[in-house]
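J.: the sequence and its predicted three-dimensional model are supplied below.
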Amino acid sequence: MSNGPILMRENRYHEIKAVLARLRLDSSARLVVLVDKDGQQIAVHGELGDLDTTSLASLVAGNVAATGGMAKLIGENEFPTLSHEGEKESIHICVIGRVLLVVVFDDRSSLGLVKLRSKQISQELANTFAEIERESATPGAKNSLPFSEITDEEIDSLFSPA
Amino acid sequence: MTFINYASREINCKIVYYGPGLCGKTTNLQYIYDSTAAQAKGKLISLATETDRTLFFDFMPLELGTVRGFKTRFHLYTVPGQVFYEASRKLILKGVDGVVFVADSQEERMDANIESLYNLEENLQAYGYDLMKLPYVLQLNKRDLPNVISSCDLTSELQRKGEPVIEAVASTGAGVFDTLKAVAKQVLTELRKS
C-alpha cells in the first residue's frame, strides 16, 4: 500500500455527523451521505428508509471516477459537482478533496438550494478531513491501530465458517 | 485504502479481482454472493452490458466477522476484462488494498493472461502502487476444462513474487473461498504491519 489507513476517531465522526445534519436541515434534503473517493461510506444522516447506502457509496464513487476520467479527456482536472435529476428524487454530488458529499433530495427542496448549501459547508468538511488525514499520518495513530497486535490465530478465526 | 471508523467500529478494505476477459472474475463474486449468509453481505451490483459482460464493475460488500471489537468489511470489486475497457478498468484500482489475478488456464488464453498481468502492473504504477508490495493472490481458474496448461507451467509464467497460487473452478466454487481467504489474510496482516 502506498499510504497508511485512514483513521476516523469518534470525535471527528460526530463533528462530521453534525455538519451533515445541519446541511440536511438547511437544504431541506431527504438524506446526506459522505463517501470516500474509493467508495467507502463515511457517514450518513437523514431518512434512510430501505436505501442501500453501501451500494450508493460504491456507485457514487464509480460515477465520480468515470466523469473525472471524461474531464481529463477534454483537458479538465475533474468536474467538481455532478447532479442527477429524476422525476421525484434527485442526487447532487460535490467533490471535496478526497471525499464526496452526496445529497439526496425530493420536491421539498430544489437543485439550486442544495448546490448553494453544499458549497457553503464544503470548506468546513475539507478542513475536518485535512485534520483526519493529518491525525492518521502521525506515528502515535499508527501505534494505536486496533490491528497492530492482532495474532495469526485471530485472523484465521475470521475464516473458520467459510 | 483501508478506512478505520472508531465510531462505528468498522474496518473497510477494498479487494479487486483482475484478469483477462471471460476468465471468471464475475463468477468468483457470484459464487461468494450465492454462498454467503444474508446477514454477512450486501447487494451484488453488476454494471454489465446487455450480454452480461462487465461494463464498469461488479461490487459486493462482505462482512467477515469481528476482530478486537471491529467489524471487518471487505468490498469486493471486479474490473471489466476486455481490452477496450481500459479507461474504466484503471479507475477501479484506485484505493485498492489487495488484488486477486484470475488467470484463465486454457492454452489459447495464455497470451491474454500475460497481457492482462502487465496491464495490471502498469495501472497499479499509475496510482503509485507496487504489485511487489501489495497483498496479491494468483488464481488459476477453469481447471476443469480439457485444454488447460499445467499448473506448474502457468505458475512459472504468471507468478510474480512468490504469491499464493490457488487452483480453481469458479463455476462450481472450487478454490473460490481459498482465494478470498488468502488475499484477505494478507490485507489484514499488512494492516498489522502498518
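T.: The structure has been received and is ready for your questions. Numbering: from 1, shown residues only, chains lettered A, B, ... in the order given.

J.: I figured B:Q186 hits B:K161, correct?
T.: No - judged on C-beta atoms under 8 Å, B:Q186 makes no contact with B:K161 at a distance of 11.6 Å. No exception for glycine: its C-beta is placed from N, CA and C like everyone else's.

J.: give me the more crowded residue out of the two.
T.: B:Q186 (21 against 11; other C-beta atoms under 10 Å in any protein chain shown).

J.: so how far is A:I155 from that one?
T.: B:Q186 sits 10 Å away from A:I155, going by C-beta to C-beta, to the nearest Å.

J.: shared neighbours, B:Q186 and B:K161?
T.: Listed contacts common to B:Q186 and B:K161 are B:Y136; contacts here mean C-beta atoms under 8 Å, 6 or more residues apart in numbering or on different chains.

J.: got the contact list for stretch A:43-56?
T.: A:13, A:16-17, A:20-21, A:24, A:29-35, A:41, A:102, A:104, B:42-43, B:45, B:59, B:61.

J.: so which of these belong to strands?
T.: Of the positions in these, A:L31, A:V32, A:V33, A:L34, A:V35, A:Q41, A:V102, A:V104, B:I45, B:F59, B:P61 sit in strands, assigned by DSSP state E.

J.: count of residues packed around the last one?
T.: I take that to be B:P61. Neighbours around B:P61, by other C-beta under 10 Å: 23.

J.: so who does the residue nearest to it when sequence neighbours are not counted touch?
T.: Nearest residue to B:P61, sequence neighbours excluded (C-beta to C-beta, 6 or more residues apart in numbering or on different chains): B:G42, at 4.0 Å. By C-beta under 8 Å, 6+ apart, the contact set of B:G42 is A:D52, A:T54, A:S55, B:M60, B:P61, B:L62.

J.: how near is the closest residue to the last one other than its chain neighbours to A:I150?
T.: Going back to what we said before, that points to B:L62. Of all residues not flanking B:L62 in the chain, B:F74 sits nearest, at 4.9 Å (C-beta to C-beta, 6+ apart). B:F74 sits 16 Å away from A:I150, going by C-beta to C-beta.

J.: where does B:R73 sit, in terms of helix or strand?
T.: Taking DSSP states H and E as the definition, B:R73 sits inside strand B:70-78.

J.: which strands or helices does that strand pack on?
T.: Strand B:70-78 sits against strand B:10-18, helix B:25-35, strand B:54-67, helix B:176-193, with contacts defined as 3 or more C-beta pairs under 8 Å, 6 or more residues apart in numbering or on different chains; DSSP states H and E.

J.: for the chain, give me the ranges with low pLDDT.
T.: All of this refers to chain A. A:1-3, A:142-144, A:146, A:161-162 (pLDDT under 70).

J.: not quite, I wanted chain B
T.: B:194.

J.: which residue does it have closest to chain A?
T.: Nearest residue of chain B to chain A, counting by C-beta to the nearest C-beta: B:G95, 2.9 Å away.

J.: residues contacting that residue?
T.: Per C-beta under 8 Å, 6+ apart, neighbours of B:G95: A:D36, A:K37, A:D38, A:G39, B:M1, B:K14.

J.: if we use 7 Å, what do you get?
T.: The contact partners of B:G95, taken as C-beta atoms under 7 Å, 6 or more residues apart in numbering or on different chains, are A:K37, A:D38, B:M1, B:K14.

J.: give me the distance from stretch A:155-162 to the chain's centre.
T.: When distances are taken as C-alpha atoms, centre = their mean, to the nearest Å, stretch A:155-162 is centred 30 Å away from the chain's centroid.

J.: now stretch B:116-125
T.: Worked out by C-alpha atoms, centre = their mean, stretch B:116-125 lies 14 Å from the chain centre.

J.: for chain A, which residues are neighbours of chain B?
T.: A:1-10, A:13, A:36-40, A:52, A:54-55, A:58-59, A:62, A:65-66, A:69, A:142, A:145-148, A:150, A:154-155, A:158-159, A:162 (C-beta under 7 Å from any C-beta of the partner chain).

J.: please pick the buried ones from those.
T.: Buried residues within the residues of chain A next to chain B, counting neighbours by 16 or more other C-beta atoms under 10 Å in any protein chain shown: A:1, A:5-9, A:13, A:36-40, A:54-55, A:58-59, A:62, A:65-66, A:145-147, A:150, A:154-155, A:158-159, A:162.

J.: how far away is the nearest residue to B:L191 once chain neighbours are set aside from A:R134?
T.: Nearest residue to B:L191, sequence neighbours excluded (C-beta to C-beta, 6+ apart): A:F147, at 4.6 Å. Between A:F147 and A:R134 the distance is 21 Å, computed by C-beta to C-beta.

J.: over to B:K41?
T.: 35 Å.

J.: who's in contact with the residue of chain A positioned farthest from its centre?
T.: What lies farthest from the middle of chain A is A:E153; by C-alpha atoms, centre = their mean that is 33.3 Å. Applying C-beta under 7 Å, 6+ apart to A:E153 gives no contacts.
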